[in-house]
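Q: Dropping the sequence and predicted coords here.
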Amino acid sequence: MQQINLEKIRTFIKYFITKNNAKNILLAISGGQDSIYLIKILETLKKQSFQKKIHISYIYIDHQWKQTSHEQVKHIINYIKLIKSNIIIYQINEITLSEDECRKLRYNIIVQHAKKYKFQVIMTGHNATDTIETFIQNIIKGSGIESLTNLAIKSKIFQEVFILRPLLKLDREIIYWICKQFYLPIWSDSTNYIYKIQRNRIRQELIPYIKKYLHKNIEKNIKSLINNYYYQNEYIKQSVIKLYLKSQHNKRTAISRQQINTQNFMLQMKIIQLFYFDNFQIHLENPKIMKIINKINNKSLKLSKIMTFNNFMFFINKNWFYLSIKR
């Protein structure tokens, strides 16, 4: 079982590297079981002939949350030295226990490092259990369907930079036993038991409680739900893009009012969002979108100025929702 999983992931990574002609790979590690397992896979691939021209480097972000942070850094450095590879370590001086803040900061550092040193692939150790925990967190936040399916095995963040999550189909428990089988040096992270961090409460208390008292197959059911939401979200996105292209003015920065107000509320919101993002690369807040939709759906409205943005004014008339330059 473990060997099959290992071989499947190796094959997938080899295929992805070959297909995208990736030469430089950056693996973001934590010292935990997921990243240590990925190191094992990549170092195995290094020995194969097709990998001779591939450069693999490692990056670790030290948030300095705990007293043992220094020892953990030493542990990681020693292991990377043992496998004769390279690692870059960033230390965060301003300590915060906010998971969202840390995640944004960590992601920004890794992406900027990848851009600066021309890495084509950023690899992370997210697993199937992470997707379940993230799903629950996003439900608590009241996120939309896009956020409920936001962890993908591969995604493109820039023209030539991909994020790859090759362990996303494996549960944390399986990865743990594979690491035990290969005697890999997993670092036991004490921050996993800090209950001020929301993810830890979900992992250590909420999911076990649901499994024991409500439904023993909760994890399997959430995986199925995430999969269904993914295809629903893809269908919505494709529908929105088709409608947006169909409703665009052939010369001006405008979209057809008649095309929009015949759609249901969800598609109306998505088309307005896409209109703003396509022209300004900004995500418009929901209250402003609601204001626009109310104007669009007001059949008695002939001409109205809706809002201003930088040097532009947004208008709606009988046929079009459009922008005009301030004069």
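A: That came through fine. Everything numeric in this text was worked out from a predicted model, so none of it was measured.
Q: And for stretch 277-291, what's in contact with it?
A: Contacts made with stretch 277-291 from outside it, assessed by Cβ atoms under 8 Å, 6 or more residues apart in numbering, are listed as 244, 253, 269, 272, 273, 276, 306, 307, 309, 323. From N, CA and C alone the C-beta is placed, and that goes for glycine too.
Q: if I look at the closest residue to the fifth one other than its chain neighbours, how far off is residue 292?
A: What it means is residue 273. Spatial nearest neighbour of residue 273, chain neighbours left out: residue 284 (5.9 Å); criterion: Cβ to Cβ, 6 or more residues apart in numbering. According to Cβ to Cβ, to the nearest Å, residue 284 stands 8 Å off from residue 292.
Q: More neighbours: those two, which one.
A: Per other Cβ atoms under 10 Å, whichever of residue 284 and residue 292 has more neighbours is residue 292, with 21 against 18.
Q: dump the residue contacts of the more buried one.
A: Contact analysis of residue 292 by Cβ under 8 Å, 6+ apart lists 272, 306, 307, 314, 316, 321.
Q: Keep only those of the residues you listed that are in helices.
A: residue 272 (DSSP state H).
Q: Quick check on the contacts of residue 292: which are buried?
A: Among the contacts of residue 292, those classed as buried by 16 or more other Cβ atoms under 10 Å are 272, 306, 314, 316, 321.
Q: Skipping its backbone neighbours, what lies nearest the first one in space?
A: Yep, that's residue 272 we're talking about. By the measure of Cβ to Cβ, 6+ apart, the closest residue to residue 272 outside its immediate chain neighbours is residue 289, 5.1 Å from it.
Q: count of neighbours near that neighbour?
A: The burial metric for residue 289, expressed as a neighbour count using other Cβ under 10 Å, is 18.
Q: and it, what pLDDT?
A: We have a pLDDT of 85 for residue 289.
Q: can you tell me how far it sits from residue 173?
A: 42 Å.
Q: do residue 302 as well
A: Computed with Cβ to Cβ, the distance linking residue 302 and residue 173 is 63 Å.
Q: Compare neighbour counts for the two and give me the winner.
A: Under the neighbour definition other Cβ under 10 Å, residue 302 and residue 173 were set side by side, and residue 173 has more, 12 against 9.
Q: how near is that one to residue 234?
A: 29 Å.
Q: and what of residue 87?
A: Spatial separation of residue 87 from residue 234 under the definition Cβ to Cβ is 37 Å.
Q: Between the two, which is the more surrounded one?
A: With other Cβ under 10 Å as the criterion, residue 87 and residue 234 differ in neighbour count, and residue 87 comes out ahead with 16 against 11.
Q: okay, the contacts of stretch 277-291 in a markdown table with distance to residue 135 next?
A: Converted to a markdown table, those look like this (distance: Cβ to Cβ, whole Å):
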| residue | distance to residue 135 |
| --- | --- |
| 244 | 28 |
| 253 | 37 |
| 269 | 22 |
| 272 | 27 |
| 273 | 22 |
| 276 | 27 |
| 306 | 35 |
| 307 | 34 |
| 309 | 34 |
| 323 | 37 |
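Q: What subset of the residues you listed is buried?
A: 244, 253, 269, 272, 273, 276, 306, 323.
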